[in-house]
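>>> Here's a sequence, model it:
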Amino acid sequence: MAALDRIDRRILNALEIAPRAPFARIASVLGVSEQTVARRYQRLRSSGVVRVLARPAPLRPGSTYWTLRIGCRPGTATALADALARRDDTSWISIAAGGAEITCQTIIAEDDPAGLLQHLPRASNVITFSAHQVLHRFPGRGESEWMVSVDEPLDADERATLLPDVPGASGRPAQLEPADGPLLDALTRDGRAGWSALAEATGWSERQVAQRVAALTASEAIYFHLDVSDAAVGIHAVANLWFTVAPADLSAVGAELADHREVAFTAAVTGAANLMASVRCRDAAALYRYLTTKVAAVEGVRTVETVPLRVRFKQAHSLMENGRVRAPLGS
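Residues are numbered from 1 along each chain as shown. From the prediction side, this is the model:
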């Protein structure tokens, strides 16, 4: 598709802030018609630029989140990455620039403590394997703004207008239950599905659906996420950075990195490197500038390993094809 223009990018910015905001509300903030927003969103979605989807809370009691680095025999990484991408317990799967290392995120459930950690090292095409448990995620500006390549991102008043009025929690926080399965499945396929479509998928009334989504969202049992094509928004250099940091500096360094707009994810992890960050830049020159300016200015960093990622197979839940976001797994 053609390069994204200012309105396209501001629509993505709005969805990043409020993934289920009505088109009319987005149009009011952006100063365009509701029809323009709806038409452009459908074009962005159908062309693989963006998908909005719901996900359950990342961690449930007893489960743990891991980043895996998998070294493969020559010529086998693509097949393994594709197989991993089709699992329900994996996300953010890429092949590093050398072509022989896969990076993968996975959740290990309490009732399945081994999972990929047991099976992958025994695979015949795996020659090296390291697993790094995520101990702490550092939220920050970068996590919420990495995707937006706009010269004039939405300001504080516009952001406030987009966000819905969320009533205060009453009673016991909502938790996902087996009966919510059809609702979550529908929102995983399309996080912006309307109340009528969700009512049809669940057999509930539109009011019941709206109330249940509001309750699950307010209690953070589910959250809404954007899977976005990096290339479509002008990002052509993606890398994982593995830092070694003195324990006394870990909290401060993690928080500072998380506030960089180039950083989409920052976490304290186990292993030889104790901090990792996922970085997105316009090109290799921008990545170099980031490393030699912002990273270089962070006190407490002892070493950093830069691992460029060449091919993405899966984002949070959506499969990738030729750099475009395709239907989520199971759609």
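>>> Remind me which helix or strand the residue nearest to G203 when sequence neighbours are not counted belongs to.
Of all residues not flanking G203 in the chain, P182 sits nearest, at 7.6 Å (Cβ to Cβ, 6 or more residues apart in numbering). The C-beta positions use only the backbone N, C-alpha and C, and glycine is treated the same way. Assessed by DSSP states H and E, P182 sits inside helix 181-189.
>>> Can you identify the element that follows that helix toward the C-terminus?
helix 195-202.
>>> Distance of the closest residue to L30 other than its chain neighbours relative to A277?
Ranked by Cβ to Cβ, 6+ apart and with sequence neighbours excluded, the top spatial neighbour of L30 is R10, at 5.4 Å. Between R10 and A277 the distance, using Cβ to Cβ, to the nearest Å, works out to 27 Å.
>>> again, but for H119
Plainly put, H119 is 28 Å away from A277 if you go by Cβ to Cβ.
>>> show me where pLDDT drops low in the stretch 151-300 of the chain?
For the stretch 151-300 of the chain, the stretches with pLDDT under 70 are 151-152, 165-171.
>>> Could you pull out the helices in it for me?
Along the stretch 151-300 of the chain, the stretches classed as helices by DSSP state H, counting those that start in this stretch are 156-162, 181-189, 195-202, 206-218, 250-258, 284-290.
>>> possible to save the ones you listed as TSV with mean neighbour count?
Converted to TSV, the helices of the stretch 151-300 of the chain look like this (neighbours: other Cβ atoms under 10 Å):
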stretch	mean neighbour count
helix 156-162	14
helix 181-189	18
helix 195-202	16
helix 206-218	17
helix 250-258	19
helix 284-290	16
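>>> about what we covered before: my read: the residue nearest to G203 touches A197, true?
No. P182 lies out of contact with A197 (Cβ atoms under 8 Å); the separation is 11.5 Å.
>>> correct me, but I108 touches G62?
No. With contact defined as Cβ under 8 Å, I108 does not reach G62; the gap is 9.5 Å.
>>> what about these two, which has more around it?
A count of neighbours by other Cβ atoms under 10 Å puts I108 above the other of I108 and G62, at 20 against 10.
>>> Can you report phi and psi for that one?
Backbone torsions of I108, given as degrees, to the nearest 10, read phi -100, psi 120.
>>> so how far is H225 from it?
For I108, the distance to H225 - Cβ to Cβ - is 21 Å.
>>> swap in L250?
Counting by Cβ to Cβ, the separation of L250 from H225 is 27 Å.
>>> same check, this time on L275
As judged by Cβ to Cβ, L275 and H225 stand 23 Å apart.
>>> These two: who's more crowded?
Neighbours were counted for L275 and for H225 using other Cβ under 10 Å; L275 has more, 24 against 18.
>>> How about the contacts made by that one?
W242, F243, T244, V245, L250, V253, G254, L257, T266, A267, A268, V269 (Cβ atoms under 8 Å, 6 or more residues apart in numbering).
>>> Could you pull up the residues touching the last one?
The neighbours of V269, taking Cβ under 8 Å, 6+ apart as the test, are T67, H132, Q133, V134, L135, L275, M276.
>>> same thing with the fourth one?
In this structure, V245 makes contact with V253, G254, N274, L275, G300, V301, R302, judged by Cβ under 8 Å, 6+ apart.
>>> Which one of those is nearest to T293?
Set against T293, the nearest of the contacts of V245 by Cβ to Cβ is V301 (13.1 Å).
>>> I'd assumed A252 was in contact with the closest one.
No. If you go by Cβ under 8 Å, V301 and A252 don't touch, sitting 10.7 Å apart.
>>> The helix or strand harbouring V304 - contacts with which helices or strands?
Using DSSP H and E, V304 maps to strand 301-314. Secondary-structure packing of strand 301-314 (3 or more Cβ pairs under 8 Å, 6 or more residues apart in numbering; DSSP states H and E): helix 77-85, strand 90-96, strand 101-108, strand 237-245, strand 318-321.
>>> mind redoing it with 7 Å?
Helices and strands touching strand 301-314, by 3 or more Cβ pairs under 7 Å, 6 or more residues apart in numbering; DSSP states H and E, are helix 77-85, strand 90-96, strand 237-245, strand 318-321.
>>> Most tightly packed of those?
Stretch with highest mean neighbour count among the helices and strands packed on strand 301-314: strand 90-96 (a mean of 23; mean count of other Cβ atoms under 10 Å).
>>> That one - which strands sit beside it in the sheet, and in what orientation?
Strand 90-96 sits in its sheet next to strand 101-108 (antiparallel), strand 301-314 (antiparallel), going by DSSP bridges.
>>> from the chain's centre, how far out does it sit?
How far strand 90-96 lies from its chain's middle: 11 Å, per Cα atoms, centre = their mean, to the nearest Å.
>>> That one to strand 237-245, inter-axis angle?
Put simply, strand 90-96 runs at 100 degrees to strand 237-245, going by axes from the mean of the first three to the mean of the last three Cα atoms, to 10 degrees.
>>> how near is G254 to A272?
Distance of G254 to A272, given as Cβ to Cβ: 17 Å.
>>> What of V29?
46 Å.
>>> More neighbours: these two, which one.
Neighbours were counted for V29 and for A272 using other Cβ under 10 Å; V29 has more, 22 against 11.
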